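J.: Turn this into a model:
(chains A and B)
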Amino acid sequence: METTNASDNVSDSMLGVIAPQQSNAGDVSQQPSVSPGRAALRRFFRDKRAVVCLAIILFIVIGSFVFPPIYQHIGPVNPASIGAGKGIGPTDYHEPAFENLNYSDGPSTLLPLGPRSLVYPLGTDTNGRDLFARVMAGVNTSIIIALTVEIFDIGMGVLLGTLAGFFGGWLDTVLARFTDIMFAFPGLLLIILIAASLGPVFDSRFGSGVGRVLLIIFAIGLLVWPLMMRFVRGQTIQLKEQQYIEAARTVGGTNSTIIMRHIIPNLASIVIIAATLDILGTITTEAGISLLGVGIQPPATSLGLMISDTIASVYSNWTEPLWPAAMLIILVIAFAFIGDGIRDAFDPRTKD
Amino acid sequence: MGALLSNLPAVIALLVLLAFMAYVAIRVNPGFLIKRVAGLVFVVMGVSFITFVLGFWGSGPNGIEAVIGQCGTRCTPNILKNLENVYGLRDPWYLQYGHYLERLVHGDLGLSYSNRNRTVWDILGQGVPVSLTLQAFAIPLTIIAGVPIGIYSAIRAGSRFDTTTNSVSLLFFAIPSYLLIVYYRFVMVFLAVRNLPHLPVSGWGDPIDIVAPAVILAAVGAAFFTRLSRTSMLEVLGQEYIRTARAKGLRERVVIFKHALRNAIIPLVTALGPTLAFAVTGAFFTELLFNIPGVANAAVASITNKDLPVIQGVVIMTAVAVALMNLAVDVIYGVLDPRIKVV
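T.: You can find the predicted model right below:
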């Protein structure tokens, strides 16, 4: 298995799988008292581009949770009415899912496709919804999905990868066969298939907004963890042969202590590298399938869904898809540079 | 003779396949081959089972929703009963899957649920040539653009060219193709409203239609090949035999082209395998957003129509292509680099 599949080498070398016996001797001698993890962090923070990108991402991630609740209380109360005879407050017109503004008989700020104004910093969409609020909600959806998928990915990957790599045996064989099947699937097609066939079930069980988010998390998570598991498994097999594992065993370490104390901490670098790439992949996949119309469904919002709503009408209204596309590309670029910086930092061999 | 000429691409493909199979049969040891074929059967079984379960679940009670679409408002209980019998929808799921496997062994992918009197082969036969035409432009463009840039930036490692290429290829590797297409549309709309010359944003049929999708596909693929060939070339340039070649006083050109390049190409073959294997279904967003009637369009249409047999067909076709390409890569790898005994 290890030697026959030559195509394994590609993904491994792209990721920069780390051979522990070849740790960078130069770094150790320069900073004798620093742990490898701390040294990697130091190397990461020396990479200006990655640090700037990390700052941007942190701002966006935290902002997507903190800003919407604040933003929804900013702005004047509009005396116009939607049938009920009440004024429309900012909690309504800054609500990303609020579609009724289309039927508003109020002043021009509430009309669909409204221009940029103080109330609507990015204007409004065809239904009269605030674009800025929708973009923030879309980013929030992306981040929530990406983080949840990552928790699932790392949990499954590390758990099964270490077990398969450390013990081998039937579990290893079963998992290897399973990954064979998963790698032969056209991944996007599988996600769309899951989303289309289980969509109604999840909708009726959890409500149409939350259900789809859960479903997308489930579908993408199912697709990404086999790769993580394979990286972890490969690294575990390499680690298992190290002398310090043998030493730990001679002083009476049981399997569980060896795995918990000596294997899992040493997986950190490869898991971090792979997870950064997976976050990027998750964000783009989610936006992609929402763009196709099988992902997130209204009234929930996603960057991909916003692009898909308007991409057909770019000729008449090109600013509306521009904002989500711009946001998405900022996320992608920032995560790509962070991933690059992390790989260089945690695996000094790949840097030349 | 005329029939032979008109089917020339298919004939050539068949001959290549036969030659490859003959080579494999002679050179590769039978145990390895049996293992791979068993693996292929297993993967096809697994993939088709997962698809079947998901599709069966999704297409309502026994796929009847998709079939109702065939007769629409004219559906009478009698017609429906007939259709159910034709597709065997009355059977329990395990019997349906068993029948499906039985047909699959005979190379029959079954009838489409939502299109009357059309086999899955028929639908795939329409989509595959379109997708392959697109890839026939995109993949060579990918390699022509990607590999030389990667090799050159490895030779000039650390230079301004190298760092720029590194960043650009990192971005194109990370940016999904649909975002490129969205931005491409912005640019084209910008040009169109100012009456400047521009390319079409969607469509298929005119030769000009193929330019933008092929270039966008190639840009994404080339980024991957640039990074890969750079890494590979750097690794080769660090080898002892390169130092020896330089120490012998060989000219740099000879060292690079004759000693380094040949060895640096080998790992790229491994990457080409999956690229070719996913060629048919890989250009998903490109085909959909450019409205190209390829396999991806057929696949998504079949998912929305709950047309389980077509979904099965696309998925199985991809799985077989992946397995065959991995085998081909392993065999070619052994030929190119005799140090590696893979087979």
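J.: Enumerate the residues of the stretch 151-300 of chain B near chain A.
T.: B:157-158, B:170-171, B:173-176, B:178-179, B:182-183, B:185-186, B:189-190, B:192-193, B:227-228, B:231-232, B:234, B:267, B:270-271, B:273-274, B:278, B:281-282, B:284-285, B:288-289, B:299-300 (CB under 8 Å from any CB of the partner chain). C-beta here means a position set from N, CA and C on the backbone, and glycine is covered the same way.
J.: Counting only helices, which of these make the cut?
T.: B:170-171, B:173-174, B:178-179, B:182-183, B:185-186, B:189-190, B:192-193, B:227-228, B:231-232, B:234, B:267, B:270-271, B:273-274, B:281-282, B:284-285, B:288-289, B:299-300 (DSSP state H).
J.: Can I have the buried ones of those residues as a PyMOL selection?
T.: To isolate the buried ones among those in PyMOL, judged by 16 or more other CB atoms under 10 Å in any protein chain shown, type:
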select buried, chain B and resi 170+173+174+178+179+182+183+185+186+189+192+227+228+231+232+234+267+270+271+273+274+281+282+284+285+288+289+299+300
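J.: Give me the nearest residue to A:P68, chain neighbours excluded.
T.: Excluding its sequence neighbours, the residue lying closest to A:P68 (CB to CB, 6 or more residues apart in numbering or on different chains) is A:M136, at 5.1 Å.
J.: On the three-state scheme, whatever residue of chain A ends up closest to chain B is what?
T.: The nearest approach of chain A to chain B comes at A:S197, 2.3 Å away (CB to the nearest CB). Assigned with DSSP: H, G, I helix; E, B strand; the rest coil, A:S197 falls in the helix class.
J.: wait, isn't it in contact with B:T51?
T.: No. Counting by CB atoms under 8 Å, A:S197 does not reach B:T51; the two are 9.8 Å apart.
J.: can you tell me how far A:F185 sits from B:F56?
T.: Plainly put, A:F185 is 17 Å away from B:F56 if you go by CB to CB, to the nearest Å.
J.: Check B:V189 too.
T.: 43 Å.
J.: same for the helix or strand where A:A137 lies, what does it pack against?
T.: Under the criterion of DSSP states H and E, A:A137 resides in helix A:131-167. Judged by 3 or more CB pairs under 8 Å, 6 or more residues apart in numbering or on different chains; DSSP states H and E, the packing partners of helix A:131-167 are helix A:48-71, helix A:169-184, helix A:208-240, helix A:268-291, helix A:303-310, helix A:319-346.
J.: so what's B:N305 closest to, chain neighbours aside?
T.: Nearest non-adjacent residue to B:N305, counting by CB to CB, 6+ apart: B:S114, 4.2 Å away.
J.: let me fix that: B:I175
T.: In space, B:I175 is closest to A:V332, 5.4 Å off (CB to CB, 6+ apart).
J.: B:S177 is in contact with that neighbour, correct?
T.: No. Counting by CB under 8 Å, B:S177 is not a contact partner of A:V332; they are 11.8 Å apart.
J.: more crowded one of the two?
T.: Neighbour count, other CB atoms under 10 Å in any protein chain shown: between A:V332 and B:S177, B:S177 has more, with 23 against 19.
J.: So that one sits against B:L217, correct?
T.: Yes. With contact defined as CB under 8 Å, B:S177 reaches B:L217; the gap is 6.8 Å.
J.: May I have the secondary structure class of B:L199?
T.: Per three-state DSSP, the secondary structure class of B:L199 is coil.
J.: For the helix or strand hosting B:A328, list every residue counted as buried.
T.: Using DSSP H and E, B:A328 sits in helix B:308-336. Using 16+ other CB under 10 Å as the test for burial, helix B:308-336 gives B:308-334.
J.: which of these are close to chain A?
T.: When the buried residues of helix B:308-336 are checked against chain A using CB under 8 Å from any CB, the ones in range are B:I311, B:V314, B:V315, B:T318, B:A319, B:V322, B:A323, B:N326, B:V329, B:D330, B:Y333.
J.: Dump those to CSV, plus pLDDT.
T.: Below are these laid out as CSV (pLDDT from 0 to 100):
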residue, pLDDT
B:I311, 83
B:V314, 86
B:V315, 84
B:T318, 82
B:A319, 82
B:V322, 80
B:A323, 80
B:N326, 79
B:V329, 80
B:D330, 78
B:Y333, 75
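J.: can you put these in TSV and add distance to B:L14?
T.: Below are these laid out as TSV (distance: CB to CB, whole Å):
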residue	distance to B:L14
B:I311	27
B:V314	22
B:V315	24
B:T318	20
B:A319	21
B:V322	20
B:A323	19
B:N326	21
B:V329	20
B:D330	22
B:Y333	24
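J.: What's the end-to-end length of stretch A:292-306?
T.: End-to-end distance for stretch A:292-306: 11 Å, by CA to CA, to the nearest Å.
J.: Relative to the whole chain's centre, how far out is it?
T.: Centroid separation for stretch A:292-306 versus its chain: 16 Å, with CA atoms, centre = their mean, to the nearest Å.
J.: Just the pLDDT at the closest residue to A:G161 other than its chain neighbours, thanks.
T.: With sequence-adjacent residues excluded and distances taken as CB to CB, 6+ apart, A:G161 is closest to A:V232, at 2.8 Å. A:V232 carries a pLDDT value of 90.
J.: count of residues packed around A:V232?
T.: Residues lying near A:V232 (other CB under 10 Å) number 28.
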